[in-house]
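Student: Take a look and give me a structure for this.
(chains A and B)
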Number of protein chains: 2
Amino acid sequence: MPASEGPGRRRDPEVDRRIAQAALEVFADTGWAGFAMETVARRAGVGKASLYLRWSSKETLLTDAVTLRLARVFDADTGTLHGDLVKLAGQVLDIYTGSTGRAASRLTLEAAAIPGVAAHYDAMRASQRHAARAIVRRGIDRGEVAANVSVTLLLETLVGGAMMHALTAPPAQHAALAADTTGYAVRLVDFLLDAVTTQTAH
Amino acid sequence: MPASEGPGRRRDPEVDRRIAQAALEVFADTGWAGFAMETVARRAGVGKASLYLRWSSKETLLTDAVTLRLARVFDADTGTLHGDLVKLAGQVLDIYTGSTGRAASRLTLEAAAIPGVAAHYDAMRASQRHAARAIVRRGIDRGEVAANVSVTLLLETLVGGAMMHALTAPPAQHAALAADTTGYAVRLVDFLLDAVTTQTAH
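Tutor: Now for the predicted structure:
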């Protein structure tokens, strides 16, 4: 019997994963107002004691679930501004069309008001913003866009446009969109890079 | 004594307004999971009987509160595409930076899952989408943009960018942003119209 399956107090990563997934689903369904250790335990099919053995509070449980299970925006360095922005838009679409998309939306809305989760979420957001800005800065360094490009407008319209597209897609189109996020990402980036190119030519 | 203050069964519009406002605040704070007639009555400072006299269910209460108190996007016909889009972006910023912004975000996230609210919300969204598309169509008719402009991309980046800007603004900047939504709206529209103008010149 492998050590990880032994009867001792060693934690089973598969149980951790199952609890984290259940935590995100409960949070997606009810938000913080309905987020309770008991509800998460029932959803994960584990006992409450098993949950408290791992997490002492719902704040630490939600924070760990977000860290373990929620996809996030990261810096994909493809070598070109166009390629990097397509990756970035694709990541945003993947997050909001995927199974944890509703948990991600909830977090945007509620994180600031949850003590013990707010700081962790702020740090995650800051790191994502940093990754996105690094993409545009490399484009400036390579001369692909002018140094005076509005980094904020470019990223807010890119990320906001992708989020809007995912959140307003009718349920019937969700599967098709999730299967081809790159197609929309390319059209979105082509559209926005035209704006940047014109502006720098003024 | 005016009739509206009389002891009869005539409804006082000021009480209606106060209840609707309280309903939006409770919904903003807790979402549908924490939305209860009793909580709304307490927040509005009225008795539960007074609430049930007006609304028989929390579904109809929330629907009416949204209709009565939530600002929405409407078609402002200023005569130019630039002017109309600035109004549209300004409305989106006003909604999400205003006092009912969190209720609006909640609705985006939860409406589809609330029976009796979903259909009303869908109709409201359809009417807003119709208003936004009418703006671009008039711009096409006046020759301000080419007929093959991507209406969807233009509106998704405009509305998504404005929403993103409002939702990610640090709390310390909220008041300044709310006081000058037009300033950002103009920069956003200038940025995006450059994209459209280039594309039509291809």
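Student: what helices or strands is the longest helix belonging to chain A leaning on?
Tutor: Longest helix in chain A by number of residues (criterion: DSSP state H): helix A:118-141. If contacts are counted by 3 or more CB pairs under 8 Å, 6 or more residues apart in numbering or on different chains; DSSP states H and E, helix A:118-141 sits against helix A:58-69, helix A:81-97, helix A:151-168. C-beta here means a position set from N, CA and C on the backbone, and glycine is covered the same way.
Student: which one of those lies closest to chain B?
Tutor: helix A:151-168 (3.2 Å; CB to the nearest CB).
Student: buried residues in that closest one?
Tutor: By 16 or more other CB atoms under 10 Å in any protein chain shown, the buried positions in helix A:151-168 come out as A:151-167.
Student: now that helix and helix B:118-141, what's the angle there?
Tutor: 130 degrees (axes from the mean of the first three to the mean of the last three CA atoms, to 10 degrees).
Student: Give me the contact list for helix A:151-168.
Tutor: Applying CB atoms under 8 Å, 6 or more residues apart in numbering or on different chains, the contact partners of helix A:151-168 are A:73, A:85, A:88-89, A:92-93, A:96-97, A:101, A:105, A:132-133, A:136-137, A:177, A:184-185, A:188-189, A:192, A:195-196, B:108, B:125, B:153, B:156-165, B:168, B:187-188, B:191-192.
Student: Select only the buried ones of those in ChimeraX?
Tutor: Those of those that count as buried under 16+ other CB under 10 Å are selected in ChimeraX with:
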select /A:73,85,88,89,92,93,96,97,101,105,132,136,177,184,185,188,189,192,195,196 /B:108,125,153,156,157,158,159,160,161,162,163,164,165,187,188,191,192
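Student: which stretches of chain A have low pLDDT?
Tutor: Under the criterion pLDDT under 70, the flagged ranges of chain A are A:1-10, A:197-202.
Student: Kindly report the residues of it close to chain B.
Tutor: Contacts of chain A with chain B, taken as CB under 8 Å from any CB of the partner chain, map to A:29-31, A:33-34, A:102, A:105-106, A:108-109, A:112, A:125, A:150, A:153-154, A:156-165, A:167-168, A:171, A:187-188, A:191-192, A:194-195, A:197-199.
Student: 7 Å instead, please
Tutor: A:30-31, A:33-34, A:102, A:105-106, A:108-109, A:150, A:153, A:156-157, A:159-161, A:163-165, A:167, A:187-188, A:191-192, A:194-195, A:197-199 (CB under 7 Å from any CB of the partner chain).
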